[in-house]
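**Q** give me coordinates for this.
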Amino acid sequence: MPTFGGMIIHAERAIDKVIDIHRVRMERKDFHNKLHNLVGGGTASPEEHRKIREFWDRYTKTDEVFQIFYSKVNGTFDVRYLPDDLYYTVLDPFYNDRHAFKFIDNKCYYDVYFPDAKQPKVIAKRINGFWIIDWKIVSSAIVVEKCKEAQCVFLKAANNSCGGHGVIKLERDEV
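**A** Have a look, this model is predicted:
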């Protein structure tokens, strides 16, 4: 007989699945609308529309807006153009664990994930509100002292930062 906790976990998974299905539908619809506006609302010819339906209907319900867009960009019509909404909302999540992204994206662990890669010298990391130096918890006063020992330091958020966005440079006298 299932336990109460087990039933709750099962219910939570079912709810998550329904939410994911709804999220995918909404993302695909939103993406479609943006692309439709981008191509100026153009349509495929009746023959192109028929070919698109013959090819894609066996896989999924899709719209010709992607074939129109890529045909305009490339100058060649091809029913095999993979609809971006399908890629980003179905294929990409299927092959990539989106729940793991927040861990993989966290730059505090890059030295663990990529130990042989050339990386900048890290003075300290802030993980879950704790200052870490050499994988030991330290006080903020120690972090400030370590930063003052350097000519200059660069501060960068560990998550959701890329391409140099949000990087702050501090000279020794600014620490």
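**Q** in stretch 64-81, what counts as buried?
**A** Burial within stretch 64-81, assessed by neighbour count using 16 or more other CB atoms under 10 Å, is assigned to E64, V65, F66, Q67, I68, F69, Y70, S71, F77, V79, Y81. Every residue, glycine included, has its C-beta placed from N, CA and C.
**Q** would you turn these into TSV with pLDDT?
**A** What follows is the buried residues of stretch 64-81, written out as TSV (pLDDT from 0 to 100):
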residue	pLDDT
E64	80
V65	80
F66	81
Q67	83
I68	83
F69	81
Y70	84
S71	84
F77	89
V79	90
Y81	89
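**Q** show me where this protein has its helices.
**A** Assigned helices in the chain, in chain order: 4-38, 46-56, 65-74, 84-86, 92-95, 98-104, 110-113, 140-148 (criterion: DSSP state H).
**Q** helices or strands up against the last one?
**A** Same thing as helix 140-148. Packed against helix 140-148 by the contact rule (3 or more CB pairs under 8 Å, 6 or more residues apart in numbering; DSSP states H and E) you find strand 130-133.
**Q** swap in the fourth one?
**A** Helices and strands touching helix 84-86, as assessed by 3+ CB pairs under 8 Å, 6+ apart, comprise helix 4-38.
**Q** which intervals of this protein have sub-threshold pLDDT?
**A** Residues of the chain meeting the criterion pLDDT under 70: 1-14, 16-18, 20-22, 32, 36, 38-42, 175.
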